[in-house]
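# Return atomic coordinates for the entry below.
(2 chains, ligands or ions: 3)
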Amino acid sequence: MPTINVTVNGERYEETVPERLLLSDFLRERLSLTGTHIGCTYEGVCGACTIHLDGEAVKSCLMLAVQADGHAITTIEGLRDGSLTPLQAAFKANHALQCGFCTPGILMNMTEFLEKNPNPTDEEIRHGLVGNLCRCTGYVHIVKAVREAAQSTTR
Amino acid sequence: MFPAKIEKYVRPQSIAEALAALGEFEEGDAMFLAGGQSAMQAIKSRMLRPECIVDLQNISELKGIDAAAGGLRIGAMTRYVEIAQSAALNGAFAALADAAARVGDRQVRNRGTIGGSVCWNYMASCMPAVVLGTNGTMNLTAANGGERSIAADDFFLGPLETAREDTEILTSVSWDAPVSKTGSAYKKWGLVTDALPVVGVCVRVSVGGDGTCSDARVSISGLAGGGERAPAAETALLGSDGSTAAIAKAMDAAAEAADTHSDMSADADYRRQLIRNLGREVAASAFARART
Ligand SMILES: Cc1cc2nc3c(=O)[nH]c(=O)nc-3n(C[C@H](O)[C@H](O)[C@H](O)COP(=O)(O)OP(=O)(O)OC[C@H]3O[C@@H](n4cnc5c(N)ncnc54)[C@H](O)[C@@H]3O)c2cc1C
Ligand code: FES
Ligand code: FES
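Ligands and ions are numbered 1, 2, ... in the order given. Below is the predicted model:
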């Protein structure tokens, strides 16, 4: 079995993993970082498992853990640095989550989205959210939260 | 769901190393992995059970967009996100950016590659039809280092089928410089935003000095046979002035001639209507791009 070196949320890990282990399962079961959710088992369509791979939002259920060897990963657990990020605070203030199952994936995706696009229109925010399913909110409050986070950081 | 047992994972640094790694296994037992946005679904559902995975992520010679001398070459491992944002893809090549910007979602575009898409050639997919509509060429290297180039017309053989041998690697997709003012465009319709195309239409037109259409290629994605050209529309556009009426006539011809099918997404007549509507919009935008 191969040994991989990955940096997850700033910490270095050296782990021996079977080739077939999914990155999402590596994070959840090996590192006990269960904030990365699994919503659709294999289609790669729900976005709940979204993490950052070298700073970019990707679906961790569509990668093998061995593919992450040598890379830096951030999960929802690593997003918060002491206090809530502006996006997290905006989600809280705007009721942008109900059951919260989709929330980690949406925060990871939209955090990178706002880095690339700090001043988005509502249309761009909605387009950015296409890869994340939310069964509860109807997205309206999510869009509002992302907009507010953008305004609070670009002001 | 998770993959069946995989014996070996390798991450070569060059095309030659990748081909050598693949060659260590019986044909078909080792596979290349690009962005994994189609392959991982197939591996997890166990439609594919590779013994060895040859991950192409570190091969820098497979990456990048080169628009030298008016032509274009896109490395197989170039991701949708890079294609969607490339400033080089206007005019004749704008359809590539149209398609890439609307494939799936941000996460898919951050991983998925043009090479993976054309090699997979899924029935309802965007890039294969756009490469066909824009007359791209697939550049392949075999295990012995031999290179060959296959025009899109001969490369795409139907859903999940291409002219690539299992032992060949796709290195890039390339396009000749257009001879005259040329524009292209692509648009699809799916069940939800940016979903797989129920129908998509790609049009590439060139206009001569007198403003009439001197060359036209039209392709349709999402047909039962995958991406296919629409010769009836091409003939109708050729020599026309690209007016609204001429475009409508061409797209009616495309819709009539298309072998559309019925399934749970749409019935055959609805697909024909999609060809008309998308085709008009896309052709108008291709002409506008050719003329600027
Ligand atoms: C949620 C979701 C939505 C999607 N929406 C769309 C959509 O709207 N439109 C669309 O067109 N597609 C869509 N896709 C599919 C997507 O475009 C895939 O990225 C693409 O089909 C495969 O590219 P890849 O780089 O991920 O290749 P992989 O999945 O890694 O590989 C695909 C196949 O190509 C082979 N291969 C890859 N690279 C090479 C190479 N250089 N040489 C030889 N063989 C190679 C692999 O061995 C494999 O068999 C979607 C996928 C997902 C998960
Ligand atoms: S678990 Fe649904 S996209 Fe990964
Ligand atoms: S808050 Fe429940 S799925 Fe989004």
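# So what's the predicted local confidence for A:Gln154?
Careful, residue A:154 is Thr; it's not Gln. A:Thr154 is assigned 64 on the pLDDT scale.
# center of chain A - which residue?
A:Met108 (2.8 Å; C-alpha atoms, centre = their mean).
# Look up phi and psi at the closest residue to that residue other than its chain neighbours.
Excluding the flanking residues, the one nearest A:Met108 by C-beta to C-beta, 6 or more residues apart in numbering or on different chains is A:Thr50, at 4.5 Å. In short, each C-beta sits where N, CA and C put it, glycine included. Backbone geometry at A:Thr50, expressed as degrees, to the nearest 10, gives phi -60, psi 130.
# What distance do you get for the residue in the stretch 51-200 of chain B positioned nearest to chain A to ligand 2?
Closest to chain A within the stretch 51-200 of chain B is B:Asp105: 2.7 Å, counting by C-beta to the nearest C-beta. Using C-beta to the nearest ligand atom, to the nearest Å, B:Asp105 is found at 10 Å from ligand 2.
# How about A:Thr111?
Counting by C-beta to the nearest ligand atom - A:Thr111 and ligand 2 are separated by 17 Å.
# same thing with B:Glu24?
Distance from B:Glu24 to ligand 2, by C-beta to the nearest ligand atom: 31 Å.
# how many other residues sit next to that residue?
13 (other C-beta atoms under 10 Å in any protein chain shown).
# which residues in chain A form strands?
Along chain A, the segments classed as strands by DSSP state E run A:3-8, A:11-16, A:50-53, A:56-59, A:72-74.
# Compare these and give me the one nearest ligand 3.
strand A:50-53 (12.9 Å; C-beta to the nearest ligand atom).
# Could you spell out the sheet neighbours of that closest one, each with its direction?
Sheet pairing of strand A:50-53 (DSSP bridges) gives strand A:56-59 (antiparallel), strand A:72-74 (antiparallel).
# What is the least confident helix or strand in chain A?
helix A:140-154 (a mean of 93; mean pLDDT, DSSP states H and E).
# what's the neighbour count on B:Glu228?
Neighbours of B:Glu228 (other C-beta under 10 Å): 20.
# just checking, next helix/strand downstream of the host helix or strand of it?
Using DSSP states H and E, B:Glu228 maps to strand B:226-229. As assigned by DSSP H and E, the chain's next helix or strand after strand B:226-229 is helix B:231-237.
# Show me what the helix or strand following that following helix is packed up against.
Downstream of helix B:231-237, the next assigned helix or strand under DSSP H and E is helix B:244-257. If you count contacts as 3 or more C-beta pairs under 8 Å, 6 or more residues apart in numbering or on different chains; DSSP states H and E, helix B:244-257 packs onto strand B:213-223, helix B:231-237, helix B:268-291.
# again, only this time at 6 Å
helix B:231-237, helix B:268-291 (3 or more C-beta pairs under 6 Å, 6 or more residues apart in numbering or on different chains; DSSP states H and E).
# Name the residues that touch the first one?
With contact meaning C-beta atoms under 6 Å, 6 or more residues apart in numbering or on different chains, helix B:231-237 is reached by B:Cys213, B:Ala216, B:Val218, B:Lys249, B:Ala250, B:Ala253, B:Ala254, B:Ala257.
# Any chance of a PyMOL selection covering the buried ones in the residues you listed?
Buried residues among the contacts of helix B:231-237 (16 or more other C-beta atoms under 10 Å in any protein chain shown), as a PyMOL selection:
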select buried, chain B and resi 213+216+218+250+253+254
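# ok, of the contacts of helix B:231-237, which one's closest to ligand 2?
B:Val218 (34.4 Å).
# element containing the residue of chain B found nearest ligand 1, please.
Per C-beta to the nearest ligand atom, B:Gly116 is where chain B lies closest to ligand 1, at 1.9 Å. Following DSSP H and E, one finds B:Gly116 within helix B:114-120.
# residues from chain A in reach of ligand 2?
With the criterion set to C-beta under 6 Å from any ligand atom, chain A comes near ligand 2 through A:Ile38, A:Gly39, A:Cys40, A:Gly44, A:Val45, A:Cys46, A:Gly47, A:Ala48, A:Cys49, A:Lys59, A:Cys61.
# ok, which of those residues also contact ligand 1?
A:Gly44, A:Val45.
# now that we have the residues of chain A next to ligand 2, which one has the most neighbours?
Neighbour max across the residues of chain A next to ligand 2 (other C-beta under 10 Å) = A:Lys59, 33 neighbours.
# quick one: terminal-to-terminal distance for stretch B:84-97?
4 Å (C-alpha to C-alpha, to the nearest Å).
# about what we covered before: how about the CA coordinates for the least confident helix or strand of chain A, as PDB?
The C-alpha coordinates for helix A:140-154 follow below in PDB (Å, rounded to 0.1, in the frame of the first residue of the first chain):
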ATOM      1  CA  VAL A 140     -32.600  32.400  -1.400                       C
ATOM      2  CA  HIS A 141     -31.000  33.000   2.000                       C
ATOM      3  CA  ILE A 142     -27.800  31.400   0.800                       C
ATOM      4  CA  VAL A 143     -27.500  33.800  -2.100                       C
ATOM      5  CA  LYS A 144     -28.300  36.700   0.400                       C
ATOM      6  CA  ALA A 145     -25.500  35.500   2.800                       C
ATOM      7  CA  VAL A 146     -22.900  35.200   0.000                       C
ATOM      8  CA  ARG A 147     -23.900  38.700  -1.200                       C
ATOM      9  CA  GLU A 148     -23.600  40.100   2.300                       C
ATOM     10  CA  ALA A 149     -20.200  38.400   2.900                       C
ATOM     11  CA  ALA A 150     -19.000  39.900  -0.400                       C
ATOM     12  CA  GLN A 151     -20.100  43.400   0.600                       C
ATOM     13  CA  SER A 152     -18.700  43.100   4.100                       C
ATOM     14  CA  THR A 153     -15.200  42.200   2.900                       C
ATOM     15  CA  THR A 154     -15.000  44.600  -0.100                       C
END
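# In chain B, what residue lies closest to ligand 3?
For chain B, C-beta to the nearest ligand atom, closest residue to ligand 3: B:Asp105, 15.7 Å.
# quick one: that residue and A:Val130 touch, right?
Yes - counting by C-beta atoms under 6 Å, A:Val130 is a contact partner of B:Asp105 at 4.2 Å.
# which of these two has more neighbours?
Set B:Asp105 next to A:Val130 and count neighbours by other C-beta under 10 Å: B:Asp105 wins out with 24 against 20.
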